[in-house]
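Visitor: fold the following and give me the result.
(2 chains)
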Amino acid sequence: MLSSGIMQRAFAEAIILGLACGPLGVWILLLRRSYAAESLSHAMLPGLVIAALAGVPLILGAAGGVLVAAVGIALVARDARVGGDVGVAVVVSGLFGLGGILALSPQAPPRLGELLFGDLLGITDGDLVAAAALAAGVLIALAAGYRALAATAFARGSAQALGIRPARTDLALLAVLAVATVAAVQGLGNLLLVALILAPAAAALNLARRLPAILAVAAGLAAVAGIAGLVISYRFGLAAGASVALCAVALSGLGLLKPKLGVP
Amino acid sequence: MTSSVLTRDLRGGYVRGVDVLGGVDFEVSPGEIAAVLGPNGGGKTTLFRALLGELPFRTGEVVLAGRPAYVPQTEGARLDFPVSAHDVALMGSYGRTPWFRRVAKEDRARAEAALERVGLTDRAHARFGTLSGGQRQRVLIARALVQDSPVLLLDEPLSGVDRTSAAQIERVFAGLRAEGRALLVATHDVAQARAWPRVLCLNHGQVAFGAPEETLSTDVLRRTYGDEIVILDGSGQAVTVSHHHHDH
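Guide: A predicted model of the protein is given here:
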């Protein structure tokens, strides 16, 4: 299974993404940003489709798409009549619809499935290097922001008195999320990458007791989900990205069962 | 002796032109503790936010001996957050730790000393959410102790805490005063306020400030609380201020 370059790159990509997405997911859950994680990845579809139509690397389309989505959400959320969640919902469904129109037009190449569900087996060396660089950036940013994130998530109202800026911390986390989303879209697609961010984190929060351990467990679970998903997809001829996403969800399901299993 | 906290005609609120605080003038010296009395929504927390520099709109003058440490009510901290008491105390050092450095060894020692001071050394590694309300309040006080600030603002630290915690917290207050720090303590407890050297009565503005024996007259209390106040008098009997007033 590991003799082909395709599978080697797929495994490397899945592990790299897992190591970055797992810990990021912990902060997304602790700061209650799951909706933003789900939305941001969906909202970049037009960017992806335009990149596919223009024949430029998907990662560029993803970056452009995320930027447009973020600006759109920020602009709509400024209108007090709409409010944050509604603003996100409106912008995201609008952009997703626009992506669909572009992707389903007769001129579009038949690659919509790849955009939505990713293509772990189509990863090139260049993709791998880009994903590794972005993932490293995510991990460095999370390490640098550890204390600000912890103080904000623990007691937002009193964080500023400690010398932390909660609003800036929120924005920084969303920026890191955008980077991770861009990194993961090639391999997992914009519908599935959320599973790798949120599911291992949910399990880790239930399995470990302290923050550093939780972050490590989330990274480990996400990497294991990537490996297991690829093995299953290879053995049974299933779609790779979907297998990884299902493995991540299955692992988190196991994590959530922990109290019933009586594991200390 | 210069004051630790001084405000002159401090006004402000969350919306421009709508002042929750209307003209606050008071002064607290090093080693003094001042009770901040007032009804819910009367401006106690808003005053603290103004002193912390977090109030969006503010006029008037604020002079502080240093950046204040703030102890929120325990409801302001999440119970499901995966941190130990020691981790929370350590957060007091985050402001002086650059993002690229680890927390300094001295700060770890400070966190341990702070937990010892609030009587929670044996619970240092317990998860914050598993502690009792009074213990959680003491952990948040330990976090402020680690900040090592000349001014401490405490938001109802004695409301709803058990006797052991209340006694421990009072001992910590005495120690902080002996070190020359100034404390502003928001409270609902008029009897508590009488025991401290200064009291500030707020009700959408300053009603009175001074030594409690001169300040806490029935009239001042009524203007502070309206008719909603219930005081336990010496015999433990509940009486409203307005009844008190008519009795005289």
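
Visitor: identify the residues contacting stretch A:74-93?
Guide: Here stretch A:74-93 makes contact (C-beta atoms under 8 Å, 6 or more residues apart in numbering or on different chains) with A:35-36, A:39, A:42-43, A:69, A:72-73. C-beta here means a position set from N, CA and C on the backbone, and glycine is covered the same way.

Visitor: again, only this time at 10 Å
Guide: A:35-36, A:38-45, A:68-73, A:94, A:171, A:174 (C-beta atoms under 10 Å, 6 or more residues apart in numbering or on different chains).

Visitor: in PyMOL, how would I select the buried members of the residues you listed?
Guide: Typed into PyMOL, the line below selects the buried ones among these, using 16 or more other C-beta atoms under 10 Å in any protein chain shown:
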select buried, chain A and resi 36+38+39+40+41+42+43+44+45+68+69+70+72+73+174
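
Visitor: just the contacts of stretch A:74-93: which are in helices?
Guide: A:35-36, A:38-43, A:45, A:68-73, A:94, A:171, A:174 (DSSP state H).

Visitor: keep only these that also lie close to chain B.
Guide: Among the ones in helices among the contacts of stretch A:74-93, not one lies near chain B by C-beta under 10 Å from any C-beta of the partner chain.

Visitor: what number of residues lie near residue 161?
Guide: Here I'm looking at chain A. If you count neighbours by other C-beta atoms under 10 Å in any protein chain shown, residue A:161 ends up with 28.

Visitor: actually, chain B is the one I wanted.
Guide: Neighbour tally, residue B:161, other C-beta under 10 Å: 21.

Visitor: for chain A, which residues are neighbours of chain B?
Guide: Within chain A, the positions lying close to chain B (C-beta under 10 Å from any C-beta) are A:26, A:30, A:143-148, A:150-151, A:153-164, A:204-205, A:208-215.

Visitor: report the buried members of these.
Guide: A:26, A:30, A:145-148, A:150-151, A:153-164, A:204-205, A:208, A:211, A:214-215.

Visitor: tell me the bridge partners for the spatially most central residue of chain B.
Guide: Ranked by distance to the mean C-alpha position of chain B (C-alpha atoms, centre = their mean), the top residue is residue B:154 at 1.8 Å. Legend: beta-bridge partners of residue B:154 under DSSP bridges are residue B:71, residue B:185.

Visitor: wouldn't it be in contact with residue B:74 here?
Guide: No: Residue B:154 is beyond contact range of residue B:74, at 11.6 Å (criterion: C-beta atoms under 10 Å).

Visitor: shared neighbours, these two?
Guide: With C-beta under 10 Å, 6+ apart as the test, residue B:154 and residue B:74 both reach B:137, B:140.

Visitor: tell me how far the closest residue to residue A:249 other than its chain neighbours lies from residue A:34.
Guide: Take residue A:249 and drop its neighbours on the chain: the residue closest to it by C-beta to C-beta, 6 or more residues apart in numbering or on different chains is residue A:199, 4.8 Å away. Separation of residue A:199 from residue A:34 (C-beta to C-beta, to the nearest Å) stands at 11 Å.

Visitor: more neighbours: which of the two?
Guide: Ranked by neighbour count (other C-beta under 10 Å), residue A:199 and residue A:34 place residue A:199 first, with 28 against 16.

Visitor: the more buried one: which element?
Guide: Residue A:199 belongs to helix A:166-207 when assigned by DSSP states H and E.

Visitor: tell me the mean pLDDT over that helix?
Guide: Helix A:166-207 carries an average pLDDT of 90.

Visitor: re the thing from before, which ones among the buried ones among the residues of chain A next to chain B map onto helices?
Guide: Going by DSSP H, the helices hold A:26, A:30, A:146-148, A:150-151, A:153-154, A:156-159, A:204-205, A:211, A:214-215 from those.

Visitor: just to check, residue A:58 is in contact with residue A:186?
Guide: Yes: between residue A:58 and residue A:186 there is a contact at 5.4 Å, judged by C-beta under 10 Å.

Visitor: which neighbours do these two have in common?
Guide: What both residue A:58 and residue A:186 touch, as defined by C-beta under 10 Å, 6+ apart, is the set A:48, A:114-115, A:118-119, A:127, A:130.

Visitor: give me the nearest residue to the residue of chain A at minimum distance from chain B, chain neighbours excluded.
Guide: Here the residue of chain A nearest chain B is residue A:163; by C-beta to the nearest C-beta that distance is 2.6 Å. Spatial nearest neighbour of residue A:163, chain neighbours left out: residue B:95 (2.6 Å); criterion: C-beta to C-beta, 6+ apart.

Visitor: I am finished for the moment; much appreciated.
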